[in-house]
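Asks: Next input, structure requested:
(one chain, ligands or ions: 1)
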Amino acid sequence: MSEPIRWGILATGGIAGAFARAMPFVPDSTLVAVGSRTPERAQVFGQQYGIPHRHGSYEALAADPEVDVVYVASPHAFHAEHAALCLEHGKAVLCEKAFTINAAEARRLVATARNAKRFLMEALYTRHLPLIKEVKQRVDAGQIGEVRMVTANRCSRGAFNPADRHMNLALGGGSLLDVGIYVLSFAAMFLGVRPQHVHGVGHLGETGADEHGALALGYENGAVASLTFGLRTKNVDDARILGTEGMILIDAPFWGATRATIRMADGAEEFIERPIEGNGLNYEAAEVVRCLREGEVESPDMPLDDSVALMEVMDAVRRSWGLVYPNDAG
Ligand SMILES: NC(=O)c1ccc[n+]([C@@H]2O[C@H](COP(=O)([O-])OP(=O)(O)OC[C@H]3O[C@@H](n4cnc5c(N)ncnc54)[C@H](OP(=O)(O)O)[C@@H]3O)[C@@H](O)[C@H]2O)c1
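Replies: Now for the predicted structure:
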């Protein structure tokens, strides 16, 4: 039996803690390192989660020879820089969503990974959940016929703080990149990453970041998607896949789904339940481990070209809103 895959976590915020708590549920893995902008935070986080290597800079984490793969959990504006830093030091990288700020950054990051022949994947954990994988298999097998419509919502109401990553443009704030990516990625699983028509409306709040929005997508085969997302307004976050022979209704929250109902045109119903072990982040990490063990530098469940294409869609939507990030300057 070989040694387990050695993980490092870059940043010590909310999701970094959730990922550390997910690690005991990831097969064939051990959490060995954390990197923070400050040694004090690395110490506190390391102590809290029993992590032996506590680095006071991201550079030191990236250079740690005892780390195989780094989970990048910094704000959106720094994903491209931090993921590239780790790849350039020979690490595999699991990079939080949104992959980058724009498609230009995404293309450069993908080129860095491919040139270095290192593993890279965007962390969209919903895709890897057992229920969502089962739904995808059933749709691909034709159980509900040809998919004609997808609807999905991903909306929450958080406290308003103009400085934190949700609403601060300098950190890549805004609901499209933060939660819109979930519904966009979900539609892409069933309808593809390249809609022919993209119409988006969004409300830009007082910081200039979008607080909520809606997307209407049209595909070459005639299928459509209707998606909502927001950070200042709660919704029922369910999702539906509507086909010519039936529909699949995924209970809220679809992004952490465990239950769905398949309802056929003749009225027959099937209920599917697939519980989540851990907090769910462990499934995306398990997919990274599988890829590393099998020598794959990309996951077929979240291909890099799809991450780039999804950034292109979000670029187009933002362009229509006049929403520009500091990173867009180059
Ligand atoms: N999969 C999910 O369900 C999920 C849920 C929430 C968030 N996320 C994603 O995870 C990422 C981080 O989100 P979060 O909620 O964990 O954010 P957060 O709580 O604000 O933490 C971000 C961390 O990034 C580091 N950082 C580096 N430069 C920073 C800067 N200039 N300002 C602030 N922090 C900076 C900090 O760690 P150090 O000070 O230690 O360096 C900070 O603790 C985002 O990409 C977000 O979209 C995913």
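
Asks: rest of the way, CA atoms for contacts and neighbours
Replies: Will do.

Asks: Distance-wise, check the spatially most central residue of the chain relative to the ligand.
Replies: The C-alpha lying nearest the average C-alpha coordinate of the chain belongs to L124 (C-alpha atoms, centre = their mean; 2.4 Å). Here L124 is placed at a distance of 6 Å from the ligand (C-alpha to the nearest ligand atom, to the nearest Å).

Asks: Might you report the residue contacts of the closest residue in space to that residue that isn't next to it in sequence?
Replies: Nearest non-adjacent residue to L124, counting by C-alpha to C-alpha, 6 or more residues apart in numbering: K97, 6.1 Å away. Going by C-alpha atoms under 8 Å, 6 or more residues apart in numbering, K97 touches H76, E122, A123, L124, L177, D178, I181.

Asks: do that again at 7 Å, thanks
Replies: Listed by C-alpha atoms under 7 Å, 6 or more residues apart in numbering, the contact partners of K97 are E122, A123, L124.

Asks: which stretches of the stretch 201-330 of the chain form helices?
Replies: Secondary structure of the stretch 201-330 of the chain (DSSP state H, counting those that start in this stretch): helices at 281-293, 304-321.

Asks: Just tell me which of the ones you listed ends up closest to the ligand.
Replies: Nearest to the ligand among the helices of the stretch 201-330 of the chain is helix 281-293; the distance by C-alpha to the nearest ligand atom comes to 6.9 Å.

Asks: List, one by one, the residues from the protein near the ligand.
Replies: Within the chain, the positions lying close to the ligand (C-alpha under 6 Å from any ligand atom) are 11-16, 36-37, 41, 73-76, 96-98, 125, 165, 178.

Asks: Show me the shaky parts of the chain.
Replies: 1 (pLDDT under 70).

Asks: Was I right to think V147 contacts E245?
Replies: No - applying C-alpha atoms under 7 Å, one finds V147 not in contact with E245, separated by 8.9 Å.

Asks: So these two - more neighbours on which side?
Replies: Set V147 next to E245 and count neighbours by other C-alpha atoms under 10 Å: V147 wins out with 23 against 15.

Asks: what about the closest residue in space to that one that isn't next to it in sequence, distance to Q196?
Replies: Among residues not flanking V147 along the chain, G243 sits closest, at 4.1 Å (C-alpha to C-alpha, 6+ apart). Look at G243 and Q196: by C-alpha to C-alpha, to the nearest Å, they are 19 Å apart.

Asks: give me the element the nearest residue to A80 once chain neighbours are set aside is part of.
Replies: Closest residue to A80 apart from its sequence neighbours, by C-alpha to C-alpha, 6+ apart: T100 at 5.6 Å. Using DSSP states H and E, T100 maps to neither a helix nor a strand.

Asks: burial count for T100?
Replies: Count around T100 with other C-alpha under 10 Å applied: 28.

Asks: what do you get for R114?
Replies: Applying other C-alpha under 10 Å, I find that R114 has 16 neighbouring residues.

Asks: Just say helix, strand or coil for it.
Replies: helix (DSSP: H, G, I helix; E, B strand; the rest coil).

Asks: residues touching the residue located most distally from the centre of the chain, list them.
Replies: Here the chain reaches farthest from its C-alpha mean at D266, the gap being 35.9 Å by C-alpha atoms, centre = their mean. Listed by C-alpha under 7 Å, 6+ apart, D266 has no contact partners.

Asks: Phi, psi for it please.
Replies: Note on D266: its backbone torsions stand at phi -80, psi 0 [degrees, to the nearest 10].

Asks: Also the one 10 residues further on?
Replies: Per-residue torsions, I276: phi -100, psi 130 (degrees, to the nearest 10).

Asks: Just give the nearest non-adjacent residue to it, would you?
Replies: Closest to I276 by C-alpha to C-alpha, 6+ apart is T258, at 6.6 Å.

Asks: rewinding a little: need the buried ones from the residues of the chain next to the ligand selected in PyMOL.
Replies: Selecting only the buried entries of the residues of the chain next to the ligand in PyMOL, with 16 or more other C-alpha atoms under 10 Å as the criterion:
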select buried, resi 11+12+16+36+41+73+74+75+76+96+97+98+125+165+178
